[in-house]
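Enquirer: any chance you could fold what I've pasted below:
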Amino acid sequence: MVINRVLSVMAYDYPLEKLSIYLSDDGGSELTFYAMLEAATFSKKWLAFCKKFKVEPTSPEAYFRIAFKPDIDPLMVKDWLSLKVINLSFIIMDV
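Expert: The predicted structure follows:
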């Protein structure tokens, strides 16, 4: 999914003023616009989670494919669970 790639790049430890991401849409579906709105909301939470807990890989799809529920830090568990639920809804929308 394209959004996973975009979020992965946005999570890089790289100066924001030197980073530009361009996404092109052929306008084939109105759902693309709404999916991007949802992704923008998710990105705020995901990027903060990546920085706070030094997440690798930074692609949500790849991370949740290999990540097991953390049981060390209660704050991380709470954030992890909420992001996992949102990420699953993106996977369902992509099908």
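
Enquirer: and the longest helix along the chain, how far out from the chain's middle?
Expert: As assigned by DSSP state H, the longest helix anywhere in the chain is helix 30-53. In this view, helix 30-53 has its centroid 5 Å away from the chain centroid, taken as C-alpha atoms, centre = their mean, to the nearest Å.

Enquirer: what does that helix contact?
Expert: With C-beta atoms under 8 Å, 6 or more residues apart in numbering as the test, helix 30-53 has contacts from 3, 6-7, 10-11, 23, 25, 55, 58, 60, 73, 76, 79-80, 82-83, 86-87, 89-90, 93. Using the backbone N, CA and C atoms, a C-beta is placed for each residue, glycine as well.

Enquirer: got any ranges where this structure has weak pLDDT?
Expert: Where the chain drops to pLDDT under 70, the residues are 1, 27, 69-72, 87-95.

Enquirer: quick one: the strands in the chain, in order.
Expert: For the chain, strands defined by DSSP state E do not occur.

Enquirer: list the contacts of the residue in it sticking out farthest from the centre.
Expert: The C-alpha centroid of the chain is most remote from Gly28, which lies 23.3 Å away (C-alpha atoms, centre = their mean). Not one residue lies near Gly28 by C-beta under 8 Å, 6+ apart.

Enquirer: could you do Glu56 as well?
Expert: By C-beta under 8 Å, 6+ apart, the contact list for Glu56 reads Tyr63.

Enquirer: let's see 6 Å
Expert: Listed by C-beta atoms under 6 Å, 6 or more residues apart in numbering, the contact set of Glu56 is empty.

Enquirer: return the alpha-carbon coordinates of the longest helix of the chain using PDB.
Expert: Output of helix 30-53 as PDB, limited to C-alpha atoms (Å, rounded to 0.1, in the frame of the first residue of the first chain):
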ATOM      1  CA  GLU A  30     -13.400   9.300  -4.600                       C
ATOM      2  CA  LEU A  31     -12.400   6.800  -1.900                       C
ATOM      3  CA  THR A  32      -8.700   7.700  -2.500                       C
ATOM      4  CA  PHE A  33      -9.300  11.200  -1.100                       C
ATOM      5  CA  TYR A  34     -11.000   9.800   2.000                       C
ATOM      6  CA  ALA A  35      -8.300   7.200   2.500                       C
ATOM      7  CA  MET A  36      -5.700   9.900   2.400                       C
ATOM      8  CA  LEU A  37      -7.700  11.900   5.100                       C
ATOM      9  CA  GLU A  38      -7.700   8.900   7.300                       C
ATOM     10  CA  ALA A  39      -4.000   8.300   6.700                       C
ATOM     11  CA  ALA A  40      -3.200  11.900   7.600                       C
ATOM     12  CA  THR A  41      -4.900  11.400  11.000                       C
ATOM     13  CA  PHE A  42      -3.200   8.100  11.500                       C
ATOM     14  CA  SER A  43       0.200   9.600  10.500                       C
ATOM     15  CA  LYS A  44       0.100  12.000  13.500                       C
ATOM     16  CA  LYS A  45      -0.200   9.100  15.900                       C
ATOM     17  CA  TRP A  46       2.100   6.800  14.000                       C
ATOM     18  CA  LEU A  47       5.000   9.200  13.600                       C
ATOM     19  CA  ALA A  48       4.900  10.200  17.300                       C
ATOM     20  CA  PHE A  49       4.900   6.500  18.200                       C
ATOM     21  CA  CYS A  50       7.900   5.800  16.000                       C
ATOM     22  CA  LYS A  51       9.900   8.600  17.500                       C
ATOM     23  CA  LYS A  52       8.900   7.900  21.100                       C
ATOM     24  CA  PHE A  53       9.700   4.200  21.000                       C
END
